[in-house]
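Undergrad: Model the following, please.
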Amino acid sequence: MAQTRANNGATLEQTLWAAADKLRGHLDAAEYKDVVLGLIFLKYISDAFEEKYHQLELWTSNPDHDYYVKESRARYAVMEDRDEYLAENIFWVPKKARWSYLQAQAKSPEIGILIDDAMDALERENPRLKGVLPRRYGREELDKRRLGELVDLISTIGLGDEESRSKDILGRVYEYFLGQFADAEGKKGGEFYTPKSIVQLLVAMLEPHQGARVYDPCCGSGGMFVQSEDFVEMHNGRIGEIAVYGQESNPTTWKLCKMNLAIRGIESDLGPHAADSFHEDLHPDLKADFILANPPFNMSDWGGDLLEDDVRWKFGVPPANNANFAWVQHFIHHLAAGGRAGFVLANGSMSTQTGGEGEIRQAMVEADLVDCMVALPPQLFYNTQIPACLWFLDRDKPAYRKGQTLFIDARDVGEMMDRTRRALTAEDVERIAHVYHAWRAADECEDQPGFCAAAVLEDIKGHNYILTPGRYVGFAELDEDEEPFEEKMKRLRTELEKQFVQALELQQVIREKVQGLGYDI
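TA: The predicted model follows:
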């Protein structure tokens, strides 16, 4: 993520996070996430509104402009005409919700109540935001002094003006915060946030295009949609040229997604409310061109015993104690005739034989749906240490790839971001996506031992329909060691002697430390 520097040398994102983090001691992570992201959203739409407001003020005051209005009262009426804003996809912001008004009250003990009133007013005036914006800024346990300080800090940053929008400053801030909140909340936080490098890889491999219907039935905060729109833009398209459909069962996360898409101007159909995709499918007739998803791993309480005769289970009834293959079949059910899907699942999905899952996987392979399997490196996710993989399904493979599946073993790629978390690099994403596209585009594509290989149905059958890439790609070729044996032994002996000396020195240090505690050793 490109980063903008604040006056103190820290990045803009880091400066905002430091201020927001002051609230952590007073609220749990889930609550202060809503507080901070709600304020950032409010600042953004207010800035965009006020930029248009001042533009209209200039136009209506200029005798040489088509908008010129001589009489001041009529001029003011134009500036307050909501249609002028809605015509440019700018939210109408009533006076009590404008940031300048709230900023002037930042030191007031009533600032929390004023922000709640602002959120209410915004929802009343903008039906698209109904039921989306956070409230409870006025509640007693929220420190109003710290809240006011946060308002003051956010006030120093332009988020909605044209220059900021062109640099996607708010989008970057919002994305940074989502990642930081996911980190702070640990396992729970991962429910609403898929690491960006994973989303980038899914999108780079599927390449959603203009005019496509993109669907995510467990959409979290909307990262799949944001990256899909970014991909279209990078390939000479514009925001809004794909149709976005989503669903999310967590009401708070559903609101996060609505805000995340709104700040980027992405129109979406997430249904009228949060809902469980298995038990209340809000898009029952949708057939999507692309499905991208990161469903919860190994869900045991998904209510499968209530859905045994469901129309979606074309390849077998998924076990009631694990939703992995319920998700897979839900995706397939919603794929258009030529549609493709890419999604994350736990590694166990590639090899499990329990609860009928082996039979479901076999039926999918024999139906020639499985296009590509990617084994991922560990430590990529906020919410689990369970090893994960990527599945890619295709309802209509290229003619020369019928009956074939590509396997990619990417367990050794990526770099550590900190002590506990890894990310794929841009080079990793490019390499994996390139291999996949080269395989799909050409009749001949060489295997790379230890990394990628294609297999036909008979090969997969011989492995009992287990789809773990390591079974197919083999081992990487080892570089020949050109160092002569005698020279190598001499070098290794010297290194070993040094290590023996260091070991003795460390042994003495430890002995002295223990004796200093009053113990003989």
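Undergrad: so who does G246 touch?
TA: By C-beta atoms under 8 Å, 6 or more residues apart in numbering, the residues touching G246 are 215-217, 219, 222, 225, 257, 268-271. To be clear about C-beta, it is placed using only N, CA and C from the backbone, and glycine gets the same treatment.
Undergrad: With distance to D520 and neighbour count as added columns, please give the residues you listed in TSV.
TA: What follows is the contacts of G246, written out as TSV (distance: C-beta to C-beta, whole Å; neighbours: other C-beta atoms under 10 Å):
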residue	distance to D520	neighbour count
Y215	70	29
D216	65	29
P217	66	27
C219	64	30
G222	64	31
F225	66	28
C257	64	27
S268	71	20
D269	75	15
L270	69	24
G271	72	17
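Undergrad: Looking at these, spot the one nearest F343.
TA: D216 (8.9 Å; C-beta to C-beta).
Undergrad: Give the rounded mean pLDDT of stretch 227-242.
TA: Per-residue pLDDT over stretch 227-242 has a mean of 81.
Undergrad: do the same with stretch 87-98
TA: Mean predicted lDDT for stretch 87-98 stands at 92.
Undergrad: mind exporting it as PDB, just the C-alpha atoms?
TA: The C-alpha trace of stretch 87-98 is given here as PDB (Å, rounded to 0.1, in the frame of the first residue of the first chain):
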ATOM      1  CA  ALA A  87     -26.500  13.800  -9.800                       C
ATOM      2  CA  GLU A  88     -22.800  13.300  -9.100                       C
ATOM      3  CA  ASN A  89     -23.200  10.300  -6.800                       C
ATOM      4  CA  ILE A  90     -22.400  12.500  -3.700                       C
ATOM      5  CA  PHE A  91     -24.300  11.900  -0.600                       C
ATOM      6  CA  TRP A  92     -26.500  14.700   0.600                       C
ATOM      7  CA  VAL A  93     -25.200  15.900   4.000                       C
ATOM      8  CA  PRO A  94     -27.600  17.900   6.200                       C
ATOM      9  CA  LYS A  95     -26.200  20.900   8.100                       C
ATOM     10  CA  LYS A  96     -26.000  19.100  11.500                       C
ATOM     11  CA  ALA A  97     -24.000  16.300   9.900                       C
ATOM     12  CA  ARG A  98     -21.400  18.400   8.200                       C
END
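Undergrad: Which members of the contacts of G246 are positioned in helices?
TA: In helices, judged by DSSP state H, the following of these are found: 225, 257.
Undergrad: Can you spell out the domain ranges of this protein, please?
TA: 12-184, 196-402, 484-521 (automatic domain parsing).
Undergrad: Among these, which comes closest to A441?
TA: That would be domain 196-402 among the domains of the chain, by C-beta to C-beta, at 7.8 Å.
Undergrad: what about that closest one, start to end distance?
TA: 32 Å (C-alpha to C-alpha, to the nearest Å).
Undergrad: same thing with stretch 247-256?
TA: Start-to-end, stretch 247-256 (C-alpha to C-alpha) is 12 Å.
Undergrad: For that stretch, give me every contacting residue.
TA: 30, 33-34, 37, 131-134, 178, 191-192, 216-222, 257, 270-271, 273-277, 281-283.
Undergrad: Check stretch 417-433 too.
TA: If you take C-beta under 8 Å, 6+ apart as the criterion, stretch 417-433 is touched by 183, 195-198, 200-201, 204-205, 374, 377-380, 382, 408, 410, 413-416.
Undergrad: repeat that with 10 Å
TA: Outside stretch 417-433, the residues that touch it by C-beta atoms under 10 Å, 6 or more residues apart in numbering are 179, 183, 195-198, 200-207, 372, 374, 376-382, 385, 390, 408, 410, 412-416, 448, 451-452.
Undergrad: Show me how far that stretch is from its chain's centre.
TA: With C-alpha atoms, centre = their mean, to the nearest Å as the basis, stretch 417-433 stands 14 Å off its chain's centre.
Undergrad: With stretch 362-373 instead?
TA: 26 Å.
Undergrad: do stretch 378-393 as well
TA: 13 Å.
Undergrad: what comes up buried for that stretch?
TA: For stretch 378-393, burial by neighbour count (16 or more other C-beta atoms under 10 Å) applies to 379-383, 387-393.
Undergrad: circling back to that earlier point, in strands, which of the contacts of G246 fall?
TA: Using DSSP state E, the subset of the contacts of G246 located in strands is 215-216.
Undergrad: Please tabulate the contacts of G246 in a markdown table, including the columns distance to A346.
TA: What follows is the contacts of G246, written out as a markdown table (distance: C-beta to C-beta, whole Å):
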| residue | distance to A346 |
| --- | --- |
| Y215 | 21 |
| D216 | 18 |
| P217 | 18 |
| C219 | 19 |
| G222 | 23 |
| F225 | 23 |
| C257 | 23 |
| S268 | 28 |
| D269 | 29 |
| L270 | 26 |
| G271 | 27 |
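Undergrad: Quick check: of the contacts of G246, which lies closest to H333?
TA: Closest to H333, out of all of the contacts of G246 and judged by C-beta to C-beta, is P217, at 9.9 Å.
Undergrad: ok now do F290, which residues does it touch?
TA: 202-203, 206-209, 212-216, 224, 228, 242, 335-336, 339-342.
Undergrad: Confirm it sits in a helix?
TA: No: read with DSSP: H, G, I helix; E, B strand; the rest coil, F290 is strand and lies in no helix.
Undergrad: What pLDDT does the model give the closest residue to L56 other than its chain neighbours?
TA: Distances taken as C-beta to C-beta, 6 or more residues apart in numbering place M79 nearest to L56, at 4.7 Å, with adjacent residues excluded. If you check M79, the pLDDT there is 93.
Undergrad: just the strands in the stretch 351-500 of the chain please.
TA: 370-375, 388-394, 404-409, 415-416, 422-423, 452-456 (DSSP state E, counting those that start in this stretch).
Undergrad: Make TSV out of these and add distance to V429 and mean pLDDT.
TA: Output for these, formatted as TSV (distance: least, C-beta to C-beta, whole Å; pLDDT from 0 to 100):
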stretch	distance to V429	mean pLDDT
strand 370-375	11	97
strand 388-394	12	96
strand 404-409	12	97
strand 415-416	12	89
strand 422-423	10	87
strand 452-456	15	96
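Undergrad: List just the one of those strands that sits closest to L506.
TA: strand 415-416 (26.3 Å).
Undergrad: residues in contact with the closest one?
TA: Here strand 415-416 has contacts from 197, 377, 379, 422-425, 427-428, using C-beta under 10 Å, 6+ apart.
Undergrad: ok, 7 Å please
TA: 422-423, 425 (C-beta atoms under 7 Å, 6 or more residues apart in numbering).
Undergrad: Pull up the pairing partners for it, direction included.
TA: strand 422-423 (antiparallel) (DSSP bridges).
Undergrad: hmm, back to that, buried among the contacts of strand 415-416? Need that as a selection in PyMOL.
TA: Here is the PyMOL command that picks out the buried ones among the contacts of strand 415-416, judged by 16+ other C-beta under 10 Å:
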select buried, resi 422+423
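Undergrad: And the contacts of strand 415-416, which is closest to I521?
TA: Nearest member of those to I521, counting by C-beta to C-beta, is R422, at 39.5 Å.
Undergrad: Now distance to E50 too, for the strands of the stretch 351-500 of the chain, in JSON lines please.
TA: Listed next are those as JSON lines, based on distance: least, C-beta to C-beta, whole Å:
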{"stretch": "strand 370-375", "distance to E50": "46"}
{"stretch": "strand 388-394", "distance to E50": "43"}
{"stretch": "strand 404-409", "distance to E50": "49"}
{"stretch": "strand 415-416", "distance to E50": "42"}
{"stretch": "strand 422-423", "distance to E50": "37"}
{"stretch": "strand 452-456", "distance to E50": "52"}
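Undergrad: Nearest to L42, out of these?
TA: Closest among those, using C-beta to C-beta: strand 422-423, at 30.6 Å.
Undergrad: And the helices in the stretch 101-250 of the chain?
TA: 111-125, 144-155, 162-166, 169-185, 196-206, 223-234 (DSSP state H, counting those that start in this stretch).
Undergrad: Reformat the ones you listed as CSV; add distance to H330.
TA: Putting the helices of the stretch 101-250 of the chain into CSV (distance: least, C-beta to C-beta, whole Å) gives the following:
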stretch, distance to H330
helix 111-125, 31
helix 144-155, 40
helix 162-166, 36
helix 169-185, 24
helix 196-206, 17
helix 223-234, 15
